[in-house]
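Colleague: Structure here, sequence nowhere to be found:
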């Protein structure tokens, strides 16, 4: 399996060259990943590796751009430092460039997000399980 490195960039267009893919992410996504990067460097002195499946872009029911950040990053010799043995990883949401910590460790992917007019965030996992973020 060929390893593809994801490079987070702020305003550069998507481009591919020699096995690397550059993708534009909102600053809130970059800042969240940078926190994991700093923790990895502190704990292991290693480099954070992204395999490409840790960040997913989806649209809310209201048509807003959203990102799901699943902390399945690889941290040097510590491996998947933030995830348990069963693949349960901390998961956060970014909606319109605002980070929402779910305070959840999930094994399944978030497949749907909705933001109510009062600001309440609801999200669904495969199988239809609904979770509401406490405000």
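Modeller: Cool, the structure landed. This one's a predicted model, so the numbers in the text were calculated from it and none came from an experiment.

Colleague: What average pLDDT does the lengthiest strand in the chain get?
Modeller: Secondary structure assigned by DSSP state E gives strand 98-106 as the longest strand of the chain. Strand 98-106 shows a mean pLDDT of 89.

Colleague: what's the spacing between that strand and its chain's center?
Modeller: 10 Å (C-alpha atoms, centre = their mean, to the nearest Å).

Colleague: what helices or strands is the helix or strand following it leaning on?
Modeller: Remark: after strand 98-106, the chain's next helix or strand is strand 110-115, criterion DSSP states H and E. Where contact means 3 or more C-beta pairs under 8 Å, 6 or more residues apart in numbering; DSSP states H and E, strand 110-115 is packed against strand 55-59, strand 65-70, strand 89-95, strand 121-125. (Each C-beta comes from the backbone N, C-alpha and C, glycine too.)

Colleague: possible to save those strands as JSON lines with distance to residue 39, mean neighbour count and mean pLDDT?
Modeller: Below are the helices and strands packed on strand 110-115 laid out as JSON lines (distance: least, C-beta to C-beta, whole Å; neighbours: other C-beta atoms under 10 Å; pLDDT from 0 to 100):
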{"stretch": "strand 55-59", "distance to residue 39": "17", "mean neighbour count": "15", "mean pLDDT": "94"}
{"stretch": "strand 65-70", "distance to residue 39": "14", "mean neighbour count": "21", "mean pLDDT": "95"}
{"stretch": "strand 89-95", "distance to residue 39": "11", "mean neighbour count": "21", "mean pLDDT": "93"}
{"stretch": "strand 121-125", "distance to residue 39": "24", "mean neighbour count": "19", "mean pLDDT": "94"}
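
Colleague: For residue 18, report the pLDDT, please.
Modeller: If you check residue 18, the pLDDT there is 48.

Colleague: 59 is where my numbering starts, stick with that
Modeller: I'll keep to 59 as the first residue from here, and by that count the last item is residue 76.

Colleague: re earlier: now do the longest strand of the chain against strand 123-128: the angle between them, please.
Modeller: 40 degrees (axes from the mean of the first three to the mean of the last three C-alpha atoms, to 10 degrees).

Colleague: Just checking: what are the partner strands of strand 156-164?
Modeller: Applying DSSP bridges, strand 156-164 is found paired with strand 147-153 (antiparallel).
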